[in-house]
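Enquirer: What follows is a protein structure lacking sequence information:
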């Protein structure tokens, strides 16, 4: 059943996107009818619905991305397994690499994540009922508990995506190193190969950053929510005010810090994949050169946009850190030193800028990955043709493709533009509104006069949903390439092994 | 969807120049495969191609026919023989759709190309003891 679910990643992506669109529609309707629905059941239901459903939609979008990564991992793994079966036919002694914990468990992380999000959606129903019944105590307790559970869902979903990418790094790394080694051993008639050391393929620091990001995101809201709920229950009174240290503002920014750390880690996993894809072509070229004794064109220099990915990832994370400390300081002094500064208004735009930077970096990395996969798809068949011909002792050689002058022409630029539009909408939903709010605050007007405020959440969610949808479609493109790669490598290795066995039969 | 379906869909969606380059490499690779594997690969390829929408399928087969004409005689023979054997694997319907579209494309390239292709098929069938190819015409 799970296998079928994984394959339905595109449907899951579009389902998540439609949830966000429905929320946006309801958000607009709520804003237009603000005056007539104020204090009614409709307002109570909408307030809570719009708090949770867009996040659930984003959760499904993340799940869709995660499932696409599961499909990619399975195909890369299958490529290795097919090749191993073929090499074993030729008598090569190969052992199975030990699989690390994260590689086995990242799909479970994804499922756990969406389950948390669904629990939050169920709690939302109780929250709505408490609101309708006017049960202020239960209403507040549900509010405190529901949002943190969402946070745990986010931690597992983004963490699952990051560890899915780590699993791609692991499997791709093994193949980039092993395939040329095994092909050479096949040609030379060697049977014993060095043992695999998959642990060395995983960058330690990126793994640490990923785990840190998951802990920060997951721990941001749940413990403090329990403390807040208990504090509220013990000190309950109609005039209850949350103490400064327990204010949601700080912890809300803490969860965003966790998300930023995870996105930063994702950027670096993607960069590692880019490096490996490039290395795959270099190694394959050298193997063809050695086995087929022919000149192989040098591959392109690394794309310049790869450097920009580092800059976007670092700038995005730094910005979030700075913001976090500014908020922490503000929290500490809010009613004493900085009471008059409307810093609160800048929180959402601050986070949005950081997320936009990180997502643009991720988009550029994905763009580079697709370019590299395209170039690999150009190179793989001719490389195998030459190796097969060399094994067959056939002198025919096929020229390998020359380095591309304009590799970026091979990139799915439309998806990247979509991602930029998403980032722009995220900023649009926060920055201009923040400026408006600050100017109104100085004019002494209350927030109620800014009914458009209710649109911030749905607009930002729409922007993020577009970004996630584009990232999902990027991964969907990658799925196509990875399947093609599997077919070519599996068939190529099988041909090499077949002719190598035939050759040894003739010579013996 | 199997791997070949995905690959063909990806190639069908690619710009003509890219499709031509990638498909040339792929056909050359298939031509070099052992016979059993080559037949399987070509069966997968024609099944995937005929599952495309008509416009894309015609475009794809046109590119494939153009590439086939430009292959070396050995490669051409290997592909055509594999294709004829793959016809039995994929069933009459798929075989005929692919065959008819290929011949239509060859005709558009010129009567001489069509004659060359049909004659080559007949010759390969005869040489390998296969029944005379059914062109559906």
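Expert: Arrived safely, thanks for sending. Keep in mind that this is a model prediction, so the values were computed, not measured.
Enquirer: So which residues on chain B come close to chain A?
Expert: Contact residues, chain B versus chain A (CB under 8 Å from any CB of the partner chain): B:3-4, B:6-7, B:9-10, B:18, B:21-22, B:25-26, B:28-30, B:32-34, B:37, B:41, B:72. (Glycine included, C-beta is placed from N, CA and C.)
Enquirer: Recalculate using a threshold of 7 Å.
Expert: Residues of chain B lying close to chain A (CB under 7 Å from any CB of the partner chain) are B:3-4, B:6-7, B:9-10, B:21-22, B:25-26, B:28-29, B:32-34, B:37, B:41.
Enquirer: Please, where are all the helices along the chain?
Expert: Here I'm looking at chain A. In chain A, the helices defined using DSSP state H lie at A:2-7, A:9-32, A:34-37, A:41-89, A:101-133, A:136-188, A:204-219, A:222-234, A:248-292, A:305-333, A:347-392, A:413-428, A:431-442, A:456-507.
Enquirer: The chain in question should be chain B.
Expert: Assigned by DSSP H, chain B shows helices spanning B:3-13, B:16-31, B:35-50, B:54-70, B:73-90, B:92-108, B:111-127.
Enquirer: Tell me the buried residues in the third one?
Expert: Okay, so that is helix B:35-50. Residues of helix B:35-50 classed as buried: B:37-50 (neighbour count, 16 or more other CB atoms under 10 Å in any protein chain shown).
Enquirer: ditto for the longest one
Expert: With burial defined by 16+ other CB under 10 Å, the residues of helix B:73-90 counted as buried are B:75-87, B:90.
Enquirer: and these as TSV, adding pLDDT?
Expert: Output for the buried residues of helix B:73-90, formatted as TSV (pLDDT from 0 to 100):
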residue	pLDDT
B:75	92
B:76	92
B:77	93
B:78	94
B:79	94
B:80	93
B:81	93
B:82	93
B:83	92
B:84	91
B:85	92
B:86	92
B:87	88
B:90	90
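Enquirer: Name the nearest of these relative to chain A.
Expert: Set against chain A, the nearest of the buried residues of helix B:73-90 by CB to the nearest CB is residue B:75 (8.9 Å).
Enquirer: What sits closest to the closest one if chain neighbours are left out?
Expert: Leaving out its chain neighbours, the residue that sits closest to residue B:75 by CB to CB, 6 or more residues apart in numbering or on different chains is residue B:31, at 4.0 Å.
Enquirer: next one: residue A:357
Expert: Once flanking residues are discounted, residue A:357 sits nearest to residue A:316: 3.5 Å by CB to CB, 6+ apart.
Enquirer: Give me the neighbour count for whatever residue of the stretch 151-300 of chain A ends up closest to chain B.
Expert: Here the residue of the stretch 151-300 of chain A nearest chain B is residue A:292; by CB to the nearest CB that distance is 12.1 Å. Neighbour count of residue A:292, defined by other CB atoms under 10 Å in any protein chain shown: 22.
Enquirer: dump the residue contacts of the residue nearest to residue A:357.
Expert: Residues counted as contacts of residue A:316 (CB atoms under 7 Å, 6 or more residues apart in numbering or on different chains) are A:260, A:263-264, A:354, A:357-358, A:361.
Enquirer: and the least confident of these?
Expert: The member of the contacts of residue A:316 with the lowest pLDDT is residue A:354, at 91.
Enquirer: ok, so what distance separates it from residue A:347?
Expert: Counting by CB to CB, to the nearest Å, the gap from residue A:354 to residue A:347 is 11 Å.
Enquirer: quick one: residue A:82 and residue A:490 touch, right?
Expert: Yes - look at residue A:82 against residue A:490 with CB atoms under 7 Å: they come within range, at 3.9 Å.
Enquirer: Quick check: closest non-adjacent residue to residue 18.
Expert: With no chain named, the answer covers chain A. Leaving aside its sequence neighbours, residue A:18 sits nearest to residue A:57 (CB to CB, 6+ apart; 7.4 Å).
Enquirer: that answer is for a different chain, and I need it for chain B
Expert: residue A:410 (7.3 Å).
Enquirer: Touching, the one you found and residue A:369? I think so.
Expert: No - the pair residue A:410 and residue A:369 does not pass the contact test of CB under 7 Å, sitting 11.3 Å apart.
Enquirer: which residues are common contacts for the two?
Expert: Counting by CB under 7 Å, 6+ apart, residue A:410 and residue A:369 have no contacts in common.
Enquirer: quick one: low-confidence parts of the stretch 401-508 of chain A?
Expert: Low-confidence segments of the stretch 401-508 of chain A (pLDDT under 70): A:437-438, A:440-453.
Enquirer: which parts of it sit against chain B?
Expert: Listed as neighbours of chain B in the stretch 401-508 of chain A under the rule CB under 7 Å from any CB: A:480-481, A:483-484, A:486-487, A:491-492, A:494-495, A:498.
Enquirer: Go again with 8 Å.
Expert: Within the stretch 401-508 of chain A, the residues that sit near chain B (CB under 8 Å from any CB) are A:401, A:410, A:479-481, A:483-484, A:486-488, A:491-492, A:494-495, A:498-499.
Enquirer: residues contacting residue A:396?
Expert: Residue A:396 sits next to A:389, B:72 when contact means CB atoms under 8 Å, 6 or more residues apart in numbering or on different chains.
Enquirer: Next, it: phi, psi?
Expert: Torsion angles at residue A:396 (phi, psi; degrees, to the nearest 10) stand at phi -60, psi 140.
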